[in-house]
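**Student:** I would like the atomic coordinates for the input below:
(2 chains)
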Amino acid sequence: MPKPKRILAIASGGGHFVQLLRLRPAWEGQLITYATVHGASATDVAPMALLTFRDVSRADWWRLPLTVFDILVIFARVRPQVIVTTGALPGLVALALAVPFGVRTLWVDSIANSEVLSGSGGQAGKVATRVLTQWPLLAQPNVEYWGSVL
Amino acid sequence: MPFDRLVRAMDEWAAANPEVPVEIQIGRGKYEPRNARFHRLLPVAAYRQKVAEARLFVAHAGIGSIITAVEAGKPLLMLPRLKAEGEHNTDHQLATAASICDRPGLFVAADTADLKARAAEMFAVGATPPAAIAPFADPGFTDRIRAFIEAP
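**Tutor:** All right, here's what the predicted structure looks like:
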């Protein structure tokens, strides 16, 4: 295997994080750090590191500066070479913030979005290296289907 | 986001079934149950423990709830959040529900009346559990992500 890379796997709580965990074999053997909203999720990834950030969504968008700050702190600690996210908006924020650093980034749209790409997913193409949907019918130019978590 | 419509419906169900212990995770909801124990947010380990011990698991049509139920081998009764009720930003939970409702062990209620009726039935006679799933996503998928990660 090539030299291990520093990977940041980032997701909001609930189903977003659960989906991220189901993708774990993809980064086995890499230098992985997880980031999510709830610190209690550390038990799911131990002994790998888990860092937290303050949540934000469209409904409380004014909290965005807090999330931006928290993610920049995470970047400083982790110095990721690759970022994988299953959303939601904080994941999009992370990918946008990563653009100036030349980091390879992957947006995996939630399996919840079976009829149309999520709001954040629709924007992810502007900042992500690759954007994935988990539903074959939603594949389109610049949105690929590589499989699904279930 | 709050989901008072679900919390209230299950609180009413608890009132109608006083012999049944009901616990509800209410998040940031305004409505506080009077007939059931409630928590704002359970740590994930406690949440999974309660799902494992429950005779009936009722939730929104969220992927976290679905995967938790499937991994615990528990049937799940869902009420999708609706954008029009201010329960979510979009109606994607209706899409999620439609895409998984033909899998065994995953049931979707059309409204709160349907929810209470199905809850009563499922509690009384039980329901088919969901089919077991592998602990991780299909290797074909994770291999492609691995290749993306390893690319120079």
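
**Student:** Tell me which residue is most central in the chain.
**Tutor:** Here I'm looking at chain A. Geometric centre of chain A, nearest residue: A:Thr85, 1.4 Å, by CA atoms, centre = their mean.

**Student:** I was after chain B.
**Tutor:** Among the residues of chain B, B:Ala59 comes closest to the average C-alpha position under CA atoms, centre = their mean, at 2.8 Å.

**Student:** B:Gly62 and A:Ser12 touch, don't they?
**Tutor:** No. Here B:Gly62 does not reach A:Ser12: they are 11.4 Å apart, not a contact under CB atoms under 8 Å. Just so you know, the C-beta spots here come from the backbone N, C-alpha and C atoms, and that holds for glycine as well.

**Student:** What are the boundaries of the helices in the chain?
**Tutor:** Since you didn't name a chain, this refers to chain A. With DSSP state H as the criterion, chain A has helices at A:15-22, A:42-45, A:64-78, A:89-98, A:119-124.

**Student:** ah, I was thinking of chain B
**Tutor:** With DSSP H as the criterion, chain B has helices spanning B:4-16, B:44-53, B:63-72, B:92-100, B:112-125, B:139-150.

**Student:** Dump those helices into CSV; add mean neighbour count, distance to chain A and mean pLDDT as well.
**Tutor:** Below are the helices of chain B laid out as CSV (neighbours: other CB atoms under 10 Å in any protein chain shown; distance: least, CB to the nearest CB, whole Å; pLDDT from 0 to 100):
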stretch, mean neighbour count, distance to chain A, mean pLDDT
helix B:4-16, 19, 15, 98
helix B:44-53, 15, 5, 94
helix B:63-72, 21, 3, 96
helix B:92-100, 20, 4, 95
helix B:112-125, 16, 20, 97
helix B:139-150, 17, 3, 98
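
**Student:** which stretch among the ones you listed comes nearest A:Gly125?
**Tutor:** Judged by CB to CB, the one of the helices of chain B that comes nearest to A:Gly125 is helix B:139-150, at 15.6 Å.

**Student:** Who are the packing partners of that closest one?
**Tutor:** In this structure, helix B:139-150 packs against strand A:82-85, strand A:104-108, with contacts taken as 3 or more CB pairs under 8 Å, 6 or more residues apart in numbering or on different chains; DSSP states H and E.

**Student:** nearest residue to residue 39 other than its sequence neighbours?
**Tutor:** No chain specified, so I'll use chain A. The shortest distance from A:Gly39 to any non-neighbouring residue, by CB to CB, 6 or more residues apart in numbering or on different chains, is to A:Thr52 (5.1 Å).

**Student:** switch to chain B, that's the one I care about
**Tutor:** Counting by CB to CB, 6+ apart, B:Gln25 is the residue found nearest to B:His39 once chain neighbours are left out, at 5.3 Å.

**Student:** and what of A:Tyr145?
**Tutor:** A:Ala139 (4.3 Å).

**Student:** isn't the one you found right up against A:Ser148?
**Tutor:** No. The pair A:Ala139 / A:Ser148 is not scored as a contact, 11.9 Å apart, by CB under 8 Å.

**Student:** The two - which one has more neighbours?
**Tutor:** For A:Ala139 and A:Ser148, the more surrounded residue by other CB atoms under 10 Å in any protein chain shown is A:Ser148, and the numbers stand at 18 against 13.

**Student:** what separates the more buried one from B:Glu19, distance-wise?
**Tutor:** 41 Å (CB to CB, to the nearest Å).

**Student:** list the contacts for the nearest residue to B:Arg48 once chain neighbours are set aside?
**Tutor:** Excluding its sequence neighbours, the residue lying closest to B:Arg48 (CB to CB, 6+ apart) is B:Thr68, at 6.4 Å. Shown in contact with B:Thr68 (CB atoms under 8 Å, 6 or more residues apart in numbering or on different chains): A:18, B:47-48, B:51.

**Student:** Kindly indicate which of those lies nearest B:Thr96.
**Tutor:** Nearest to B:Thr96 among these is A:Val18, at 13.3 Å by CB to CB.

**Student:** my guess is that closest one meets B:Ala69, correct?
**Tutor:** No. Assessed by CB under 8 Å, A:Val18 is found out of contact with B:Ala69, at 11.2 Å.
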